[in-house]
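> I need the structure of the sequence given here:
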Amino acid sequence: MAEELAPPDYERIKSWRSIVTLIVFVATNLVVLFPFDIPIYVPRRVYDAFWNLLSKCRVAPPREPDEPEPGSSLAENDGDRDNGDEAAVPGRYVRLQFPMNLVTAPILADLFLLAVLAIGREEVAGGILGADHILTYDIMIFFITLAYIAISLDASGVIRFLAFKILQWGGRVGHRLFFYLYVFFFGIGSFIGNDPIILSGTAFLAYMTRVSSNIVHPRAWIFSQFAVANIASAILVSSNPTNLVLAGAFNIRFIDYTANMIVPVVITAIAVFPFLLYIVFNNESLIPTSIKMHELPEEAKSRKPVNPNIPNARGTAESEDAPGEEGKLLSLEEIMNPFLDKGGATFGAVVMAVTLVAVLALNAAKTSIGEIPVFYVTLPAAVVTFVWDLSYGWLHRHETREIARKGRKELERARLERAMREKEEKKPAESPEVQPAESSATSLPDQQGLQLAQLSSRKGTLGSASGANEAAMTSDNFEMSPVQEIGKADKSDEKRQLQQPRRRTTLLSLAKDAFRWSQETFPTATAVLTHLPYALIPFAFGMFVLVQALVTKGWVEIFALGWDKWVTKTGVVGAVGGMGFLSVVLCNFAGTNIGATILLSRVIQAWQRIRQYDHVEITQREFWATVYSMALGVNYGAFSTALSASLAGLLWQNILAKKHIRVRRLDFARVNLPIIAIAMTVGCTVLIGEIYIIRDESPVIG
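The predicted structure is shown next:
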């Protein structure tokens, strides 16, 4: 009852604990936006003693005398150098880097507030266990388990295979292919979320634009893919953790959420496409009218596709710096001859469909059967998928291990060959006067050996050519060809491995061996487990605690009071526009879109309590305009001004960096500003019309 509610206490923000809490919250979000490393200088003697202790306990291997410390760099003793101590050796201190990012910053902020007694058990319990219908553990388990199913489906190769089919249907017509890929990413993202689209779709586009001769820059393709993936993630609650937070905070059934969001989202996607094609990226060098793709040789077409989840499966393809035409050929083979595990794709699609239907049914029936955590459905489904991945990997372990072994050998030989070529190129040419007469006799075999090395780099037959110059190897006056040096190096390495004792077994070496064994034995399960968004867990829990601290210290009530005055003056249109703008801005400055959703959900809940205490009803139009405009903003806000506006943005940037495509922060903001402007304008306009059509002025109940 409203009369039983405690009056809002706006004086709480004047206490020093409240002020410190707000400062720490703002500082934490700035760190998330601009991550950095803190150098920690440790005396070398202390570091060496600690490393020796780890070595004696067989945790880490003994360090070589001149071996640099892992993850550290040496620091000069500036004091000794300034005093003119010539004997002072640089490196008396070891510099370790402590990362301050979205994982560490919220946790350290919580620990600091606990240390100064600004927060206590109430805030920690509310942030971890949940409060005001936001069950943190339920949201985290639900999203991680559903993410395993979606990423497992992606690991089967189905997304890349479908993208390859889209590439075939689109042909060489640039605008048509752009449209097909746009629709494809939107459709897939609507059902399985944006993360699988980012994982596979980004790599596919990077390869596709690389092997095209007239796409100068991949900007149009990768930015459009990122935007449409995040637009599509607004349709289903299960597609984005922000939707889970919002649905839980306001007790929204999943089917009702989708029914209210699907129209604004679909119309946004329709309106954004021509805007991207004819305004933002209207450049022949970005989206050519006719795309010229390199042709894949028949030999590569007939080759059986290899599972990319197997380590070194493609040999030299694992090396991102593959030279020139070889790199293009490998990229072309990646997209034109994709791997597809039909059994895994079928099983994953069935499990995903059944899981989503079951979640929707359970959530729709919760009013009659009581509150049941949604992870009761997704957790068993994820376990079933995990067992399938393990079983499939174990049944095919001999094949995958053999592929990994051959690929590892091929990669090692290719690297050695490249090193030999670089050595030959750096060697100064001998003058004709000084050159021995016999050199003319050896020049032809050396050229033949080099050609053989280039031709045999992918076939692993480098050692077979070493007999070409066997006679020349008997004299010290003759130079060995690269092939001969590789063959000799292979033989010497094998001999050295037999003569040298095995390296000491440690916990670290056992962990590395176990990981490589799991990659070669269970490639799909291992790949999925390594791609799960683990950073979301500590980040979300830390942010929930920080926002709960703002609630208990009175700051959320102040924010809600300001929002109440805004809605009172501007009405439904102001509620949609204001919350849409706030949610997009806070995605960039409040700890990603997840942090923005947590904070804004608390603000709206406090707004409800203020209205109840003042005996002023919130109308259906005002309330749902606020809620669903926030849903648009926290999803679309991922493609706004900062890469850290979403975890998907950081993942997208990391994948592109591995493909040698650098996305700078300024470029990200510059390209996305017109896209987010048109997307939010269209989405909010459609939402306003929808609110006026299906909602009325009756008060919100509950």
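> Off-centre distance for stretch 261-274?
On the basis of C-alpha atoms, centre = their mean, to the nearest Å, stretch 261-274 sits 25 Å off its chain's mean C-alpha point.
> residues in contact with that stretch?
With contact meaning C-beta atoms under 8 Å, 6 or more residues apart in numbering, stretch 261-274 is reached by 179, 182, 186, 227-228, 231-232, 234-235, 628, 631-632, 636, 675, 678-679, 682-684, 686-687, 690. Every C-beta, even on glycine, is put in place using the N, C-alpha and C of the backbone.
> In helices, which of the residues you listed appear?
Among those, DSSP state H puts 179, 182, 186, 227-228, 231-232, 628, 631-632, 636, 675, 678-679, 682-684, 686-687, 690 in helices.
> So which residues of the stretch 201-350 of the chain form helices?
For the stretch 201-350 of the chain, applying DSSP state H, counting those that start in this stretch gives helices covering 202-210, 219-232, 241-249, 254-275, 298-302, 324-336, 342-364.
> Now the weakest link among the ones you listed, please, by mean pLDDT.
When these are compared by mean pLDDT, helix 324-336 comes last with a mean of 63.
> Would you mind measuring from Thr693 to Ala514?
Actually, residue 693 is Ile. It isn't Thr. From Ile693 over to Ala514 the distance is 59 Å, taken as C-beta to C-beta, to the nearest Å.
> quick one, which of the two is more surrounded?
Applying other C-beta atoms under 10 Å to Ile693 and Ala514 shows that Ala514 carries more neighbours, namely 10 against 7.
> so which strand or helix has the more buried one?
Using DSSP states H and E, Ala514 sits within helix 507-521.
> Next, the buried residues of that helix.
Within helix 507-521, the residues that count as buried by 16 or more other C-beta atoms under 10 Å are 518-521.
> Low-confidence stretches in the stretch 551-700 of the chain?
Scanning the stretch 551-700 of the chain for pLDDT under 70 picks out 591.
> and this structure, what are its domains?
Per automatic domain parsing, the domain ranges recorded for the chain read 36-99, 306-323+396-423+506-532, 554-694.
> circling back: make a markdown table out of the helices of the stretch 201-350 of the chain and add distance to Ile128 and mean neighbour count.
Formatted as a markdown table, the helices of the stretch 201-350 of the chain follow (distance: least, C-beta to C-beta, whole Å; neighbours: other C-beta atoms under 10 Å):
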| stretch | distance to Ile128 | mean neighbour count |
| --- | --- | --- |
| helix 202-210 | 33 | 22 |
| helix 219-232 | 28 | 26 |
| helix 241-249 | 14 | 25 |
| helix 254-275 | 24 | 18 |
| helix 298-302 | 52 | 10 |
| helix 324-336 | 43 | 18 |
| helix 342-364 | 23 | 17 |
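> Out of those, which is closest to Ala313?
Minimum separation from Ala313 across the helices of the stretch 201-350 of the chain (C-beta to C-beta) falls at helix 324-336, 11.1 Å.
> ok, the nearest residue to Ile279 once chain neighbours are set aside - contacts?
In space, and not counting its chain neighbours, Ile279 is closest to Pro674: 7.5 Å by C-beta to C-beta, 6 or more residues apart in numbering. By C-beta under 8 Å, 6+ apart, Pro674 lies in contact with 275, 279-280.
> hang on, Phe226 packs against Ile198?
Yes - using C-beta atoms under 8 Å as the test, Phe226 is close enough to Ile198 to be in contact (7.3 Å).
> list residues touching both of these two?
Taking C-beta under 8 Å, 6+ apart as the criterion, Phe226 and Ile198 both touch 648, 652.
> so how far is Ala313 from Leu656?
22 Å.
> repeat for Ile655
Taking C-beta to C-beta, one finds Ile655 at 18 Å from Ala313.
> State the distance from Val374 to Ile139.
Distance from Val374 to Ile139, by C-beta to C-beta: 9 Å.
> returning to what we had before: so which of the buried residues of helix 507-521 is the closest to Trp555?
Relative to Trp555, and with distances defined as C-beta to C-beta, the nearest of those is Ser518, at 46.5 Å.
> Quick check: pLDDT value at the residue lying closest to that closest one once chain neighbours are set aside.
Leaving out its chain neighbours, the residue that sits closest to Ser518 by C-beta to C-beta, 6+ apart is Thr526, at 4.7 Å. Note for Thr526: predicted pLDDT of 92.
> what bits of the stretch 51-200 of the chain have low per-residue confidence?
Ranges of the stretch 51-200 of the chain meeting pLDDT under 70: 64-91.
> the helices in it, which residues?
78-82, 104-115, 121-128, 136-155, 158-170, 174-192, 194-196.
> between the third one and helix 104-115, how big is the angle?
To tie it back to what came earlier, the one meant is helix 121-128. Compare the direction of helix 121-128 with that of helix 104-115 by axes from the mean of the first three to the mean of the last three C-alpha atoms, to 10 degrees and you get 160 degrees.
> Could you list the buried residues of the host helix or strand of Pro538?
Using DSSP H and E, Pro538 sits within helix 536-552. By neighbour count on 16+ other C-beta under 10 Å, the buried set for helix 536-552 is 536-537, 539-552.
> can you list the residues that contact the helix holding Ala514?
Residues contacting helix 507-521 (C-beta under 8 Å, 6+ apart): 58-61, 309-311, 393-394, 397, 400-401, 404, 503, 525-527.
> Repeat that for stretch 639-651.
By C-beta under 8 Å, 6+ apart, stretch 639-651 touches 32-33, 35, 102, 194-195, 198-199, 223, 226-227, 229-230, 533, 535-536, 539, 584, 587-589, 592-594, 637-638, 652-653, 663, 665, 668-669, 672-673, 675-676, 679.
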